[in-house]
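Trainee: The following block contains a protein sequence and its predicted model.
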Amino acid sequence: MTAASLNARGPARFDAVRLLRMLLPAIALSLMLAVIFSQQPRAMSYVGLTLLLNLAVPVILATLSQLCIIAINDLDLSIGSFVGLCACIAATLLKDTPLLGVAALVAAVGVYGLVGALIHWRALPSIVVTLGLSFIWMGLAVLILPTPGGRAPEFLTTVMKWKPAFVPLPILYAVILGLGMHLLMRSSLGTILRGAGGNPKALANAGWSLLRARVTLYLMAGTLGALSGLALVGLTTSGDANMALRYTLLSIAGVILGGGEFTGGRVNPVGAVLGAMTLTLAGSFLTFMHIPPDWQIGAQGAILIIVLALRAVLNRAEER
Amino acid sequence: MVSDETALLLDDVRKSFGAVRALAGVTLRVGRGERLGLVGHNGAGKSTLMHVLAGVLKPDGGTISADGGRQVADYDTAAAGRLGVRCVFQELSLCPNLTVGENARVLHPGLRGWGWRKRAEGLILEQLDAIFPGHGIDPKTIVADLSLGRRQMVEIARAFTVTDTPIRLVILDEPTSSLDATAAEQLLSYLHRANLGGVASVFISHILPEVLSAAERVVVMREGRIVLDGRASELTRRIIVRSMGAADEELSEAESSARVTDTTADRPRQVLATPLAATGGMELSACRGDIVGLAGLAGHGQSTMLIRLFDAWGKRDPATQVAAPVALVPGDRQSDGVFPLWSISRNISVRSLGSLRRFGLIDPGREKDLAATWRERIGIRTPDMDNGILSLSGGNQQKALFARALASEAGIILMDDPMRGVDISTKAEVYRFIRAEAERGRTFLWYSTEMEELFHCDRVYVFHQGRIVAHLHRGQMTEAAILRASYADASGEVA
Amino acid sequence: MITNDLPSPADVAPARRTLVLPVWVWPLLAAAVVLAMTLIYSGGRGAADIMSAAVTFSALFVIVGLGQMLVITSGPGNVDLSIPAAISLAGAIAMKVMDGSNGMIVAGLAAALGAAMALGVANYLLIRLLRIPPIIATLSSALIVQSIAIAYGRGLKIKPPPAFADFCTGRTLGVSNLALVAAVLTAIVLLVLARTVYGRTLLALGQNQRAARLAGTPVSRARLTTSVVSAGFAGLCGVLLAGFSGGSSLNMGEEYLLASIAVTVIGGTSVAGGRAEPLGIWGAALLLFLIVTMLNTFGLSAGVRLIATGVIIVTVIAIGGGRKAA
Amino acid sequence: ADTSSKKIALSNNYAGNSWRQAMLKSWGTVTSKAVADKVVADASAFTTAENQATEQAAQIQNLILQGYDAIVVNAASPTALNGAVKEACDAGVTVVSFDGIVTEPCAWRVAVDFRKMGEIQVDYLAQRYPQGGNLLEIRGLAGVFVDDEIHKGIEDGVKKHTNFKIVSSVHGDWTQEVAQKAVAGVLPTLPEIRGVVTQGGDGYGAAQAFKGAGRPVPTIIMGNRQDELLWWKEQKDANGYETMSVSIAPGVGTLAFWVAQQILDGKDVPKDLIVPFLSVEQGNLEERLNQTEKGGVTNVEYSLSDAQAVIGGKK
Ligand SMILES: Nc1ncnc2c1ncn2[C@@H]1O[C@H](COP(=O)(O)OP(=O)(O)OP(=O)(O)O)[C@@H](O)[C@H]1O
Ligand SMILES: Nc1ncnc2c1ncn2[C@@H]1O[C@H](COP(=O)(O)OP(=O)(O)OP(=O)(O)O)[C@@H](O)[C@H]1O
Ligand SMILES: [Mg+2]
Ligand SMILES: [Mg+2]
């Protein structure tokens, strides 16, 4: 049959392009590391890799949080200030009155779930709701911690400063998070959640509740966001309301870079982890490249454009 | 193997979408292990009936009962699932971002815990092997990567997978539309075997020989009602087509209203589309004043052809030559036509904005006049053209879309099954209108799924699987000829 | 067809007689409420002065908001995050080219607007050619423009030419000139939306891009125009702001990033696209200014102020945005 | 010890205002001369793309890897960089913070007494107006350390001089346009204002707001910008307007550079150094104004001997 033979050839070509696209973050990451290592050989060590990458851990968590939201075709513009709020809670309440701190974190995550429900019930545009929400998180953070300070609870610093044998800590965490999220998204529950983004109608036809799927994903996002705040405080040892505003953009870019798409439930946790690490490293990369101070800011924009444009080119190749 | 036991009983089920009555009181019994065939024209209500049966749609009236008359209250997807009713929907309902195995999981809440993936993949693979031996599908593939035909196989196989609840009834809504002949054959023979195991099936298809061989009993639907119900062995293709087609007297009326002269030769050519390299088939051409019908079953490339022509205006494309401005009358109002936030008048003027300008600005006076003129000419029933477009009934919305295209300067009007939801008297008005406009030199390309509409055309091209397989002139245009060409199947029966 | 599809009486029922207030009235009403609360607290002092300050400062938000509104109207997911960069760059270019001399005002204005509109074209190309999602495309281009602004202006605050400064801070018939400029622009945008091919195309495009294409409207051209106009309005705001506040500074655009989106959406423009409310922007800009004034008057802390802002945005959306689903 | 082979880096979190631009410029002038004179081998400046502690922490960690011997930091947050700073110290890198200082004990601090900066504004007003009066306070960016410190200083001052009262306090986000807008908004509801206390840089905007509202311009404490000083000068010439200006010289970065160089040189330098803030009085206004670049900020660049004096004075 001609149709069958056509099909047989089709997927093979698609796979090559798809593989390239999937590997794009890994390739970008290795390229940057290669340049950094050639500029500064001593970065190629246990300590070097730890220093280069440990601030990627909270970014990875924030990116995975964003991934949960994007999986159901929404967008979260509040994750940055939410991470900041959780960091402030950790550096104050959690340190001084652990019970109250835990309660506050749980409540914050709960609000995320409620927002998911609100968005579903009223069919609201998630972008604007989370934009408003970002002001609220920010305000709460400033109320809790009017001026930077507080102290990270000991256990958080221990967790983030731990020096495991052989594998640098950030790489260990990246692997754990990437694999963990990958397995979760591949689990029987994760399959349903991704399906809700892929074809909501089919899922509803099969008798699943879309409301529950959305709320679950928002709760997962909130939990990961809170973890990101805790990790951040563990690294910086103290809190600051303005600390993580940039994570909003970073997390979106990380998911997209990692092979995710804004619609269709297409997300790739491992890719997102690599994407988050690539973006964190992009800043460092520029420090190593000795770009003139005036252009250091612009170069970040240029890197974003180049990587995303490359992805678009590969996407288009795949469409053909 | 028809048993007297009832698997499911629909009693006087009614369903309307706004002004469209999709089901006008249908009573249907499916026996345990029975193979039922369901046929009818596009829009006859087959899918709607099956949606009700699958619990996806709540009927406006009527009851559903199972197991010897026990009525099921609150019949929904969950209830259907508990009863063991499965459905292969007409529009694919797999999640394209999931793998084949994962899609099986979506159907089975019980598939979880350790090793669920292996079980799900085993389950679907087993069914695929049982129904389509030699299918060559890896259950780890992502569905989006599969060809349409293979996706269809997966969806069919998925409907037959069993975990906890035994299957009572499987609904197959045009399952063979994207299967090749071999796979279709395999499916039919599997249905025979399944029904021996006590599973009932409802098989919907436009390919009549298929239905006749697949089903023990055939039900024909027309305009939301069952018009024929009989044993397959006692029915012929001719009887079925007759019962679902337009009545003979309507046909003759249409024919008499049509122009008899056919002077294509001396008029300038407006449209020429040669087949694209991959597809083959005949070329399509139309001259000034032509009304050319595009026939064939739904989704066989007619709309794609219209879009191709639409995009070609003003571009140099040797395969698709268009000599005059084009305007399109979409049939799918919701997704292709109506601007829901706008008034009727704005919805009409949007195609003619350029000519409504005075000193560079759209002149509200002229816009009002335009709207008033067309309200008059095409008879849009509204107290005020400044009312929102959604305040109109479906048929009148469609008239507004006609007005949009006809009011423009376009010399070629493309019509993409434009009569959906339009009532019979309006249709008559519009037919007359199209005829008059054609006489004034406009060219119409008219895709229609309704047989009687095609008889208002001068010529008809019949589409099958993206290609033009027949070109029928007025003299050759009979319902039988068109149907034969549309149903051209693997046997290579081409007019 | 056997089914009778004649329109039922309900379908052709006359327009509802109940009085429906235009969407843009609501933010204005909310602004009035906030003003009233401020005045109650201050014992009625300074009503006229607050209003006059509010109108002057809102004008700048209106100008930027009009551009953002056009972008948002072009459909879901469209938003311009490069507005702050355009403001800073245009302000810097204008002040440097004018260099305090009255004779160079026109040249400075032209250079600044030209640069901003070039940014608009660049954004369009990033989004359409490279298919980068608008959010990320405009943010990336903003980073690059920020670098350009730094390298170009060095953060020096050059004074505007006296005539230009006088114009920006001055009043005509008791109304500030900035407000008059914004009012004229609002009128033009209203006219363009209602009575030009571009305006109609934009509104159609926002409601249903596919239908707009099939209705034969020039979709791509409208997208390009929108991108350029948004950047151009931001540039104009930058120049006026520099003239108003005695020179440009690198960070003067920062507050317009979220504010431009907020005034547009609170003003009633639909995030789903296709519905623009230029007049609503006035109400929303006044509302935001008066909220700050109210909270400052009440002496509330920054945290509470942020929370109030967030709650207002979520409330307005939850009430107004869900209408379509209902 | 010889520092000619040593490398010093500037880690900067923000470049988006005139103060930071002046700081970077001073750094460039002073350090390029130092490199040319072979005092140090390298003195590059690095600015993060976003004004974010997380980015700056990553930047500091990279600078450690690049083998800088000392890192001079203007920090995005006094505390959020502590983790990275500690890593630097552990790696044997000297960290000197200035302006935006860090609280990590292993680092040096070239600090301005922001609290004092707030307090002396009220002191000055109290000396001008013994009868007291109403004050309007213009604050900076919420949640940032400097803003809180200066605010506390002003509160201290008001506690000391009880006949002064802060009738309103607005956030100007250290952006003149925002400050002007906020002041213009509250002004109509306020009683007569005797003085405006600021955090530097918002004086001109406040004056514009008063002028716009048609109210008499009170005594506005000025900051460091040329336009503020120029406006003051014009008012002084026209009607004898009197006020003062307090600010930090952006050149304080160069002082921090020399401090770092001295530490690398093996000098014994105390961890906390205080630099005087820059104040302009009625008397030296013209002189200061002449030294200030048009559109820039008043500045002082420091030399090695200045640094030695500051270090010595502390011992
Ligand atoms: N969701 C809906 N909203 C409005 N009208 C609908 C909807 N679904 C179906 N209809 C209308 O109901 C009628 C019956 O549609 P149905 O899909 O049942 O036809 P069908 O017999 O399955 O046709 P086909 O052979 O084309 O699949 C049609 O006129 C159709 O336009
Ligand atoms: N946006 C900001 N983020 C962090 N620190 C800032 C910011 N703006 C100002 N600062 C800090 O405030 C102090 C002095 O700022 P000041 O307000 O005097 O600057 P300026 O000269 O007024 O600059 P501009 O008017 O351009 O904002 C310095 O410590 C500076 O680092
Ligand atoms: Mg159907
Ligand atoms: Mg300032």
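Mentor: Noted; the coordinates are in hand. Numbers count the residues shown, from 1 in each chain, chains lettered A, B, ... in the order given. Ligands and ions are numbered 1, 2, ... in the order given.

Trainee: and stretch A:251-269, average pLDDT?
Mentor: Averaged over stretch A:251-269, pLDDT sits at 83.

Trainee: touching chain A at all, stretch D:174-191?
Mentor: No - figure legend: stretch D:174-191 not in contact with chain A (CB under 8 Å from any CB of the partner chain); closest approach 12.9 Å. Any C-beta I mention is one placed from the backbone N, CA and C, and that applies to glycine too.

Trainee: Which residue is it, in the stretch 51-200 of chain A, that comes closest to ligand 2?
Mentor: Proximity to ligand 2, evaluated over the stretch 51-200 of chain A using CB to the nearest ligand atom, is greatest for A:Pro148 at 11.6 Å.

Trainee: Could I get the contacting residues of the nearest residue to that residue once chain neighbours are set aside?
Mentor: For A:Pro148, ignoring the flanking residues on the chain, the nearest one in space by CB to CB, 6 or more residues apart in numbering or on different chains is A:Asp240 at 3.9 Å. Residues in contact with A:Asp240 (CB atoms under 8 Å, 6 or more residues apart in numbering or on different chains) are A:Gly84, A:Ala87, A:Cys88, A:Leu145, A:Pro148, A:Gly149, D:Ala53, D:Ser77, D:Thr79, D:Ala80, D:Gly143.

Trainee: residue contacts, the fifth one?
Mentor: I take that to be A:Pro148. By CB under 8 Å, 6+ apart, the contact list for A:Pro148 reads A:Ser238, A:Gly239, A:Asp240, A:Ala241, A:Met243, D:Ser77, D:Pro78, D:Thr79, D:Ala80, D:Gly143, D:Val144, D:Phe145.

Trainee: any idea which of those is least confident?
Mentor: Lowest model confidence among those falls on D:Gly143, which carries 71.

Trainee: separation between that one and chain A?
Mentor: 4 Å (CB to the nearest CB, to the nearest Å).

Trainee: try B:Gly33
Mentor: 25 Å.

Trainee: so how many other residues sit close to that residue?
Mentor: 21 (other CB atoms under 10 Å in any protein chain shown).

Trainee: Would you verify that it is located in a helix?
Mentor: No - secondary structure assignment (DSSP: H, G, I helix; E, B strand; the rest coil) places B:Gly33 in coil, not in a helix.

Trainee: distance of it from C:Leu66?
Mentor: Computed with CB to CB, to the nearest Å, the distance linking B:Gly33 and C:Leu66 is 68 Å.

Trainee: Could I get the full set of strands for the stretch 51-200 of chain C?
Mentor: Counting by DSSP state E, counting those that start in this stretch, one finds strands in the stretch 51-200 of chain C at the ranges C:171-172, C:175-176.

Trainee: Could you do the stretch 1-150 of chain B as well?
Mentor: In chain order, the stretch 1-150 of chain B shows strands spanning B:6-17, B:20-31, B:35-40, B:61-66, B:70-71, B:85-88, with DSSP E, counting those that start in this stretch as the criterion.

Trainee: mean confidence for the shortest one?
Mentor: Taken as a whole, strand B:70-71 has a mean pLDDT of 76.

Trainee: Also the last one?
Mentor: Looking at strand B:85-88 alone, the average pLDDT works out to 89.

Trainee: same check, this time on the first one
Mentor: Strand B:6-17 shows a mean pLDDT of 86 in the predicted model.

Trainee: Show me what it is in contact with.
Mentor: Taking contacts as CB under 8 Å, 6+ apart, the residues outside strand B:6-17 that touch it are B:21-34, B:45, B:48-49, B:52-53, B:57, B:59-69, B:83, B:85, B:168-169, B:200.

Trainee: Point out where the stretch 151-300 of chain C drops to low pLDDT.
Mentor: By pLDDT under 70, the weakly predicted segments of the stretch 151-300 of chain C are C:155.

Trainee: Please apply the same query to chain D.
Mentor: For chain D, the stretches flagged by pLDDT under 70 are D:1, D:314-315.

Trainee: any chance you could map the strands in it?
Mentor: Across chain D, reading from the start of the chain, the strands by DSSP state E fall at D:8-12, D:45-47, D:70-74, D:94-98, D:108-112, D:133-139, D:164-171, D:195-197, D:219-220, D:245-247, D:272-275, D:278-280.

Trainee: Just send the ones you listed back as TSV, with mean neighbour count and distance to ligand 4 too.
Mentor: Putting the strands of chain D into TSV (neighbours: other CB atoms under 10 Å in any protein chain shown; distance: least, CB to the ion, whole Å) gives the following:
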stretch	mean neighbour count	distance to ligand 4
strand D:8-12	28	16
strand D:45-47	23	18
strand D:70-74	28	15
strand D:94-98	26	18
strand D:108-112	23	15
strand D:133-139	23	10
strand D:164-171	20	12
strand D:195-197	25	14
strand D:219-220	24	14
strand D:245-247	25	10
strand D:272-275	17	19
strand D:278-280	21	14
